[in-house]
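Chemist: quick one: sequence and predicted model below, then my questions.
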Amino acid sequence: MPRRPEHGDYATNLALVLGSKKGERAMDIAKGVLENLADPKGYLERVEVAPPGFINLFLNRGKLLEKVKEVVQEGVNYGRSSLQEEVKVLVEFVSANPTGPLHVGHGRGAALGSALANLLEAAGYKVTKEYYVNDMGRQMEVLGRSLYIRYLQLLGEDVDMPEDHYRGEYMVDLAKELFSLFGDELRGKEEVEALEACRHFASSRILEGIRKDLEEFRVTYDRWFHESSLYEEGRVQSHLERLREKGLVYERDGAQWFKSTEFGDEKDRVVVRKDGRTTYLASDIAYHADKLERGYQRLVDIWGADHHGYVPRMKGVMQALGADPSCLNIVLVQMVSLLRDGIPVAMSTRAGEFATLREVMEEVGVDAARYIFLMRSPDSHLDFDLELAKKQEKENPVYYVQYAHARICSIEREARERGVELPKVEEADLTLLQLPEEWELIKQIVGYPDLVREAAEAMEPHRLTFFLDGLAAQFHAYYNRGWLEPQARVICPDPELTKARLLLVRAVKQVLWNALTILGVSAPEKM
RNA sequence: GCGCCCGUAGCUCAGCUGGAUAGAGCGUCGGACUUCGAAUCCGCAGGUCGCAGGUUCGAAUCCUGCCGGGCGCGCCA
């Protein structure tokens, strides 16, 4: 899409690229392309060649106007497409350990994962959303002991909480809850048994809290996959055995190692420790094998960027499992720094200083929080200042876009009040739309389906936020033109023109709604 | 030391996979409300795209080397 109008509505550098490859003059190739250009459906008004070899395409107005009618006819389905064949994709995201409440970093992953899942679905993929619950390992033991200590403290015993345990205030609350259920019953039991009860209680209650936070954040899952289920069925061991037969798992220094160097990793990785316990990598091998066995052709894992060092070994795991490593797409989302009045807020789970997702939701609202998380490329660090977000609430970008939607709803309400019926698609003569602002709006909404496909392919929902901002800006400019020019208003003196404009504006509203919905942000009819 | 990400306007960031004169929001300054919602719009100002080379018709975009910031480099997850 060229910037300057004389370069057409679309432009291609095809001839320049071909010219450099074949060593021919680009201008000659461009002219040749022009002569052989087929346009059976008449989409093109005219085509020009410009030095040094650009081909500029000017779209046929009438054909574009028909597209506007399609927007209204297709409604919520406009912009959705279907792939040639069904592709099953599994999006796994957040997957935070159930050792404490979700913090802002998880919020970013949650917003991104859910929006990406919607986006892929809109592009025609068959999407499943999954949360991997790490309910095994040392951290779970530490969690159980942390709760046990809080519980004993509650009963008046003098026990110290070690530095490396979970010291957050929420553990005290859990201890109280535990006490109200069991009284001092646990104190009399064997420690092993009490710890097991604490572990189970803490992790299930915390996981329940996580589920509720996410639901409130408009994030839902098709499945919660528990790491422990892999062990109950003995599948971790069986997959390790299979890799051992392939020579990809071997013993050294009393431990079992996965030969990830075979696939480009810088060193081999331990899967079974000297003491016989498996590592998380062993679980991940079984888990990803399970994903493949379930028939997913494409696996999307969304990780915090601090886990980037694990990418090579996971790619290696895919190859070891006999899969193409390119079918595993790992999206690394950079850190979020939560600020309060410009001052960084510490976000350590164990130290118990929280910047929870719940806090953020309650302070700035779900719409604003989701939109801010989704505005930037996952590759960029994100500064999220709570105070600033609150102060600027009314200037927040999300309100700008939502306002455009609400404004159109308002226009439609006004039209009805004045006795103007909203036109049916066949009743409107769109050729009456002659303002440059209208042409710009038309071009933008017509380009929306391509945007959805491209954003999905790049796995970059943030492109939608920039599209939305641009569409809203174009609409607001259009609307404001009617401020001083009553004949440029949607509801104008000419009834036929009014019908055409109402239809256009309805198409704009539909596209705003569709894109906002993919992002999981509401499109209010009133604000 | 090695690896990944980032470096674009005063601030926060886009830049559509190498195109034509680098964009937006916020902030500053100046304008537009007798009503289709001013949560908006219009305009001014603001740039050696971190630095230096290279690739070619053409580079913010690709390659190399530096500089600066963030994050990793466990028989933790």
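Modeler: Received it, and whenever you're ready, just let me know what you need.

Chemist: only C-alpha atoms for contact and neighbour calcs from this point on.
Modeler: OK.

Chemist: not counting its neighbours along the chain, what's nearest A:Leu116?
Modeler: Spatial nearest neighbour of A:Leu116, chain neighbours left out: A:Pro461 (6.0 Å); criterion: C-alpha to C-alpha, 6 or more residues apart in numbering.

Chemist: wait, I meant A:Val127
Modeler: Nearest residue to A:Val127, sequence neighbours excluded (C-alpha to C-alpha, 6+ apart): A:Val89, at 5.0 Å.

Chemist: relative to RNA strand B, how far out is the closest residue to A:Ser82 other than its chain neighbours?
Modeler: Spatial nearest neighbour of A:Ser82, chain neighbours left out: A:Gly124 (4.1 Å); criterion: C-alpha to C-alpha, 6+ apart. Distance from A:Gly124 to RNA strand B, counting by C-alpha to the nearest atom of the strand, to the nearest Å: 17 Å.

Chemist: is the host helix or strand of the residue nearest to A:Val127 anywhere near RNA strand B?
Modeler: Using DSSP states H and E, A:Val89 falls within strand A:88-92. No: Strand A:88-92 stays clear of RNA strand B (C-alpha under 7 Å from any atom of the strand), getting no nearer than 14.7 Å.

Chemist: could you do stretch A:221-230 as well?
Modeler: No: applying C-alpha under 7 Å from any atom of the strand, one finds stretch A:221-230 separated from RNA strand B by no less than 8.8 Å.

Chemist: who in the stretch 151-300 of chain A is up against RNA strand B?
Modeler: A:252-255, A:269-270, A:272-275, A:278-281.

Chemist: how does it look with 6 Å?
Modeler: Contact residues (C-alpha under 6 Å from any atom of the strand) of the stretch 151-300 of chain A with RNA strand B: A:253-255, A:270, A:273-274, A:279-280.

Chemist: filter the residues you listed down to the buried ones.
Modeler: Buried by 16 or more other C-alpha atoms under 10 Å: A:255, A:270, A:279, out of those.

Chemist: sorry, back to before: name every strand pairing with the strand holding A:Val89 and say which way it goes.
Modeler: Looking at strand A:88-92 with DSSP bridges, its partner strands are strand A:126-133 (parallel), strand A:298-304 (parallel).

Chemist: where in the stretch 301-450 of chain A is pLDDT low?
Modeler: Filtered on pLDDT under 70, the stretch 301-450 of chain A yields the residue ranges A:341-343, A:346-354, A:391-395.

Chemist: interface residues of it facing RNA strand B?
Modeler: Residues of the stretch 301-450 of chain A lying near RNA strand B (C-alpha under 6 Å from any atom of the strand): A:305-309, A:376-377, A:379-383, A:394-395, A:397, A:399-400, A:403, A:406-407, A:410-411, A:414.

Chemist: now, of these, which are buried?
Modeler: Judged by 16+ other C-alpha under 10 Å, buried ones among those: A:305, A:376-377, A:382, A:397, A:399-400, A:403, A:406-407, A:411.

Chemist: will you turn those residues into a markdown table that also has secondary structure?
Modeler: Formatted as a markdown table, these follow (DSSP: H, G, I helix; E, B strand; the rest coil):
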| residue | secondary structure |
| --- | --- |
| A:Ala305 | helix |
| A:Arg376 | coil |
| A:Ser377 | coil |
| A:Leu382 | strand |
| A:Pro397 | helix |
| A:Tyr399 | helix |
| A:Tyr400 | helix |
| A:Tyr403 | helix |
| A:Ala406 | helix |
| A:Arg407 | helix |
| A:Ile411 | helix |
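
Chemist: closest one to A:Asp367 out of the residues you listed, please.
Modeler: Among these, A:Tyr399 lies closest to A:Asp367 (C-alpha to C-alpha), at 8.9 Å.

Chemist: and that closest one, how close does it get to A:Val127?
Modeler: Distance of A:Tyr399 to A:Val127, computed by C-alpha to C-alpha, to the nearest Å: 29 Å.

Chemist: quick check: mean pLDDT of the strand holding A:Val89?
Modeler: For strand A:88-92, the mean pLDDT works out to 97.

Chemist: touching that strand from outside, list them.
Modeler: Strand A:88-92 is contacted from outside by A:113, A:117, A:125-132, A:291, A:295-302, using C-alpha atoms under 8 Å, 6 or more residues apart in numbering.

Chemist: mind redoing it with 7 Å?
Modeler: A:117, A:125-131, A:296-302 (C-alpha atoms under 7 Å, 6 or more residues apart in numbering).

Chemist: out of those, which is most surrounded?
Modeler: With neighbours taken as other C-alpha atoms under 10 Å, the top of the contacts of strand A:88-92 is A:Ala117, carrying 28 neighbours.

Chemist: which residues sit against the helix or strand hosting that residue?
Modeler: Element membership for A:Ala117 (DSSP H and E) is helix A:104-122. Helix A:104-122 has contacts (C-alpha under 7 Å, 6+ apart) with A:80-81, A:91, A:93-94, A:127, A:219, A:302, A:333, A:335-336, A:355-357, A:370, A:373-374, A:456, A:459, A:461, A:518-520.

Chemist: for the stretch 251-400 of chain A, which segments count as strands?
Modeler: With DSSP state E, counting those that start in this stretch as the criterion, the stretch 251-400 of chain A has strands at A:255-258, A:269-272, A:298-304, A:328-333, A:336-340, A:343-344, A:382-385.
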